[in-house]
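Q: whatever this is, show me its structure:
(chains A and B)
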Amino acid sequence: MTDILSGFGQEIISGIALGSIYALIALGFTMIFKATEVVNFAQGDLMMVGAYVNFFFVSTFLSNSGEPSAWTFMVALLCSIIFSVLFGLFLDFIINRPLKDAPIFSVIMATLSLAIIMRALVAMIAGPISLMPISPFGDNSITIGIIVISVLDLSIIASAIILVIIFYFIFHYTKWGIAMQATSEDPVAAQLMGIPIKKIYALVWIFSALVATLSGVLLAPRIALLDTSMGFLGLKAFPAAVLGGFGSIPGAIVGGVILGVIETISLGTLSFHFEWIKEINDIIAWFVLIAVLMVKPNGLFGIEKVKKV
Amino acid sequence: MKKIIGVLIVIGLFGSGCVKRAPSPGITDSEILIGNVQDLSGPMKELGAIIPNGSNMYFEYINDQGGVHGRSIKMLIEDHQYNPQKAVVAIKKLIEKDQVFCMFQVIGTSPCEAIRPILAETGTPLIAPATNSGTMSDLTKQAGDLIFHTDTGYDRQAEILVDHIMEKNSDAKIGLVYQDDDYGQNVLLGISRAESKYGVTVQKESYQRGAVDFKGQTMNLLKGGLTDVIIAGIVREPVVIMKTAEAMNFKPNFYGTGPTIDARVGKMAGSAGEGFTATNWSYMWNSDYPGPKLYRDLCEKYDIPQPYIGLYHYYGFATAMVLVEGLNRAGKNLTRNSLIKGLESFNEWESGTFPPITYNRNDHAGVDKVQLVQMQNGEQVVISDWLE
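A: This next block holds a predicted model:
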């Protein structure tokens, strides 16, 4: 019995770590959707670009300084953050502004195209060979009782929680955040009220690129080999965002963690004791998603919007 | 009388070989056009870039020496993104539009399985499919007579690993982590044969291609109290599984099939990868056999970028040698049939890159043995003879 409990505890912690990865990506989806009602299908690929850029900075600094140190990773992270701010601005300039008055469907298609273009460009620039990212935390892990967790996983969980708190605060308690919500509700009325919606849109894309870069930096060493297919993880995080309630910031982390825990437990304890679970591992998360949406169509934390005609 | 004379003349011309036969597609006096379908932009694009580069290096070397019977080899490459449907479209284009003489490599078990009907329909040979799957040398399957496999099948590799484990410890509790696709299915075939042979049950855990987290599976291996674990993965999977196991203080002997022979597995896994043993079906690219020596010389001669040099690039080079030998043996009057006959004349042919290869009408398997390569102090060390 103790074995089962310890296994279960380990799986829940591991699931939370996996779920936090989904949460970080889902947070990026949520940001853009919350302010512009656009689903950015390039979010996973934004994360991939962030991971590549950070790898470039880390390896450049390492080739100059030799031994990896905390400073190397800090400076590389800072450079990557600066890059993501500029890249977010650039994306706003090439995607959002030209399509400002276009139907949302067109903007969504543009994000899909952007994802393909980014994947192709990174493959052209970085070459076909997969990269081997170095973890700033090494292979260190912490043992709490019978549960083991790597420092990298802990940092992913902590980042997800901190970012969710920061962005929740920004969106709900700052002037800019409320302006973002107003812009999402009715861009024309918001503009008439004096809200600089161009700046708001640019800010949202910057936030989104920033979250993507941070998640890319943390995730790259965890997946051992970095290649452009990392962007496809965005598709796994998408159901997390829907489950939590698309557009809800706390929903992103709750949805991510629920899916992460379900995935780990079904691959672990459930598969171990019930052979048939192995056959349906891939669809269990989708079953849960459909079940939740049947009861709460807007997701766990989604707010029902009623549009009056 | 005139008619009879005319008929006799025609028969005479046929008999003396003066009538020109319809040329084989893809063959001119100066060129042999071959087709290759790789993953250039999908999940295995790394291999898609490296493997054909190794083959082209050898073709360039042969072309520089005057080609095969005076014909230079030119390879056209299409992209299937590791998608079997796209592989069918790509191979149709190569065979019907570009009129290639034969197909070479084609990466991936599922894409290779998907193109069997078009190979059979057009009578196009496929030399050295770039997959270890044992199904490639199954002559009872469609187009089996047209496919010449070079690598030891995944099923054989898995069986040999179980033999090795049971020989070391007859009480071993064995586990398997496999990719849930054609690759994994072929490994399962070998494992099930080994289970019957030794009367044991292997604990099986699967994962989807592209998975990044293996905690659930690793926990199950731990719960099973296993002494030996075989990972039928590529590169990321063994690295992450071994690191996860090490963090949980779970230290069975780890083994790998097929692509896990990649030296990066041990390097990236660090201390967790120490002792990891993988199956190898060709001479090591950095060994002292004549094939690897020639390989390294050519890499230098043709200025191959450093990141390309290694296992997969060498594999492209080694399989190209098999094709070129087949073309050589087919003779000056090259046809698809003469290529098949040329290849089926291999009798313990020593290329210097693979162990001796024999092909005949009843055997298109190529290499059927492996040697075991273990990570020791961060280096790959050969720890066994060739095991059959």
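Q: make it CA atoms for all contacts and neighbour counts henceforth
A: Fine.
Q: now the stretch 101-250 of chain B against chain A: closest residue?
A: residue B:216 (3.8 Å; Cα to the nearest Cα).
Q: for the helix or strand hosting that residue, C-alpha coordinates in CSV please.
A: Taking DSSP states H and E as the definition, one finds residue B:216 inside helix B:215-223. Below are the C-alpha coordinates for helix B:215-223, written out as CSV (Å, rounded to 0.1, in the frame of the first residue of the first chain):
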residue,chain,number,x,y,z
LYS,B,215,7.9,9.7,-15.7
GLY,B,216,4.9,7.4,-15.7
GLN,B,217,6.7,4.7,-17.7
THR,B,218,9.8,5.0,-15.5
MET,B,219,7.8,4.7,-12.4
ASN,B,220,6.2,1.5,-13.7
LEU,B,221,9.6,0.1,-14.5
LEU,B,222,10.6,0.9,-10.9
LYS,B,223,7.5,-0.7,-9.5
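Q: what residues sit buried inside that helix?
A: Neighbour counts over helix B:215-223 (16 or more other Cα atoms under 10 Å in any protein chain shown) mark B:215-223 as buried.
Q: what's the answer for stretch B:307-318, then?
A: Residues of stretch B:307-318 classed as buried under the neighbour-count rule (16+ other Cα under 10 Å) are B:308-318.
Q: keep only those that also lie close to chain A.
A: Subset of the buried residues of stretch B:307-318 in contact with chain A: residue B:308, counting by Cα under 8 Å from any Cα of the partner chain.
Q: in CSV, list the buried residues of stretch B:307-318 along with distance to residue B:187.
A: Below are those laid out as CSV (distance: Cα to Cα, whole Å):
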residue, distance to residue B:187
B:308, 28
B:309, 28
B:310, 25
B:311, 21
B:312, 21
B:313, 24
B:314, 24
B:315, 21
B:316, 23
B:317, 26
B:318, 24
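Q: for chain A, state which of the buried residues of stretch B:307-318 is nearest.
A: Nearest to chain A among the buried residues of stretch B:307-318 is residue B:308, at 7.9 Å by Cα to the nearest Cα.
Q: please work out the average pLDDT along the strand or helix carrying residue A:28.
A: If you go by DSSP H and E, residue A:28 is part of helix A:2-36. Across helix A:2-36, pLDDT averages out at 83.
Q: export the strand or helix carrying residue B:291 as CSV, just CAs?
A: In this structure, residue B:291 sits in helix B:290-301 according to DSSP H and E. Output in CSV follows, covering the C-alpha atoms of helix B:290-301 (Å, rounded to 0.1, in the frame of the first residue of the first chain):
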residue,chain,number,x,y,z
PRO,B,290,38.9,-0.5,-44.0
GLY,B,291,35.4,0.9,-44.6
PRO,B,292,35.5,3.3,-41.7
LYS,B,293,39.0,4.3,-42.6
LEU,B,294,38.0,5.1,-46.2
TYR,B,295,34.9,6.9,-44.8
ARG,B,296,37.1,9.2,-42.6
ASP,B,297,39.5,9.9,-45.5
LEU,B,298,36.6,10.9,-47.8
CYS,B,299,35.1,13.1,-45.1
GLU,B,300,38.4,15.0,-45.1
LYS,B,301,38.7,15.0,-48.9
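Q: distance check, residue A:36 against residue A:235.
A: 20 Å (Cα to Cα, to the nearest Å).
Q: and the residue of chain A found nearest chain B, what does it touch?
A: Nearest to chain B in chain A, going by Cα to the nearest Cα, is residue A:268, at a distance of 3.8 Å. For residue A:268, the contacting residues are A:11, B:215-220, by Cα atoms under 8 Å, 6 or more residues apart in numbering or on different chains.
Q: how about the nearest residue to residue A:119 once chain neighbours are set aside, what does it touch?
A: Excluding the flanking residues, the one nearest residue A:119 by Cα to Cα, 6 or more residues apart in numbering or on different chains is residue A:228, at 5.8 Å. By Cα under 8 Å, 6+ apart, the contact list for residue A:228 reads A:45, A:48, A:119, A:122-123.
Q: how about the strands in the stretch 101-250 of chain A?
A: Secondary structure of the stretch 101-250 of chain A (DSSP state E, counting those that start in this stretch): strands at A:141-144, A:147-150.
Q: can I get the ones you listed in JSON lines with mean pLDDT, distance to chain B and mean neighbour count?
A: Listed next are the strands of the stretch 101-250 of chain A as JSON lines, based on pLDDT from 0 to 100; distance: least, Cα to the nearest Cα, whole Å; neighbours: other Cα atoms under 10 Å in any protein chain shown:
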{"stretch": "strand A:141-144", "mean pLDDT": "84", "distance to chain B": "7", "mean neighbour count": "12"}
{"stretch": "strand A:147-150", "mean pLDDT": "84", "distance to chain B": "6", "mean neighbour count": "19"}
